[in-house]
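Participant: Kindly generate the corresponding structure for this input.
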Amino acid sequence: MKPFTRAVDWDAAGGEGKALEVRGEAEWAGLWQRCSALGMQVIVQQLVPGPETSIESYHAYIDGAGSIAGEFTGRKIRTFPPRFGFSTAVEITDLPDVAELGRDVLARLGLTGVAKVDFKRGAAGALHLLEVNPRYTLWHYPAALSGVNIPALVHADLSGLARPEGRRATRSVAWCKPLSDLRAARAEGMSTLAWLRWVRRCQALSGLSRDDPLPFLRGAMWHAVRRRLPRPGPA
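Facilitator: As a prediction, this is how the structure comes out:
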């Protein structure tokens, strides 16, 4: 079970990440009662067993004529919380069967515009459709570094300009959100040193530029430090 949209009341309903596993009718009755009291809409779907690294996705921009103007595929590396969590590290990589099935799903829907199709790969290797998100996502930045800039393609079409080159990704690119991903890595047992070695090879960092680190240090880093400092008592 997961909220229809990301909602601040999800924590009050008992959710920590994006979804909750419901174990039996009694647990479902309690969850449904809490969500109903909060006026929250939820989606219920079959659970596909396996880690979050089994989630793979197809991304595309389909123009008004129904042609694929740009596309790429990717997979999750880490999330926080580790189960049903939000992406903290992802990778743009070539997944031919994901691309083939993603094209088929969008064609059947008759969808045009920007879309992300999420699948989860089961233990036998079959892909199970989780959801379709018709919006821009965090994946578009590493995809642009990998050779296909979907926002630029859309902007060109809307502006009447020539489309930039690049219809498909040409190389693998890893992305992470540094502070959140360090937390996710430690939660799954990775040492800080091992994570630092990994992040050194990561080509795309959210909110951090290696040649201009000050905004990150004064923004995200300082905010994280301040949250851990003891608050002064009343005067």
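
Participant: for the protein, which spans come out with low pLDDT?
Facilitator: Per-residue confidence of the chain (counting by pLDDT under 70) places the weak regions at 7-8, 12-15, 209-211, 213, 215-235.

Participant: Need the residue closest to the centroid of it.
Facilitator: In the chain, the residue lying closest to the centroid (Cα atoms, centre = their mean) is Ser87, at 4.6 Å.

Participant: list the contacts for that residue?
Facilitator: Contact analysis of Ser87 by Cβ atoms under 8 Å, 6 or more residues apart in numbering lists 76, 78-79, 138, 177. (Each C-beta comes from the backbone N, C-alpha and C, glycine too.)

Participant: Tell me the buried residues in the one helix or strand it maps to?
Facilitator: Element membership of Ser87 [criterion: DSSP states H and E] is strand 86-92. For strand 86-92, a neighbour-count test (16 or more other Cβ atoms under 10 Å) marks 87-92 as buried.

Participant: hey, where'd the helices end up in the protein?
Facilitator: Applying DSSP state H to the chain gives helices spanning 10-13, 25-38, 96-109, 140-146, 150-159, 178-187, 192-200, 214-216, 222-228.

Participant: Could you chop the chain up by domain?
Facilitator: As assigned by automatic domain parsing, the chain contains the domains 2-43, 52-171, 178-224.

Participant: Deepest-packed of those, please.
Facilitator: Highest mean neighbour count of the domains of the chain: domain 52-171, a mean of 18 (counted as mean count of other Cβ atoms under 10 Å).

Participant: one step back: now the helices of the chain as a markdown table including distance to Tyr58?
Facilitator: Conversion of the helices of the chain to a markdown table gives the following (distance: least, Cβ to Cβ, whole Å):
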| stretch | distance to Tyr58 |
| --- | --- |
| helix 10-13 | 26 |
| helix 25-38 | 30 |
| helix 96-109 | 2 |
| helix 140-146 | 12 |
| helix 150-159 | 12 |
| helix 178-187 | 23 |
| helix 192-200 | 25 |
| helix 214-216 | 31 |
| helix 222-228 | 34 |
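
Participant: looking at these, which is closest to Gly70?
Facilitator: Gly70 sits nearest to helix 150-159 of all the helices of the chain, at 4.8 Å, using Cβ to Cβ.

Participant: Now do the lengthiest strand in the chain against helix 178-187, angle only.
Facilitator: The longest strand of the chain (DSSP state E) is strand 68-80. Orientation of strand 68-80 against helix 178-187 (axes from the mean of the first three to the mean of the last three Cα atoms, to 10 degrees) gives an angle of 50 degrees.

Participant: helices and strands around strand 68-80, which ones?
Facilitator: When contacts are defined as 3 or more Cβ pairs under 8 Å, 6 or more residues apart in numbering; DSSP states H and E, strand 68-80 packs onto strand 55-62, strand 86-92, helix 96-109, helix 140-146, helix 150-159, strand 173-176, helix 178-187.

Participant: switch the cut-off to 6 Å
Facilitator: strand 55-62, strand 86-92, helix 150-159, helix 178-187 (3 or more Cβ pairs under 6 Å, 6 or more residues apart in numbering; DSSP states H and E).
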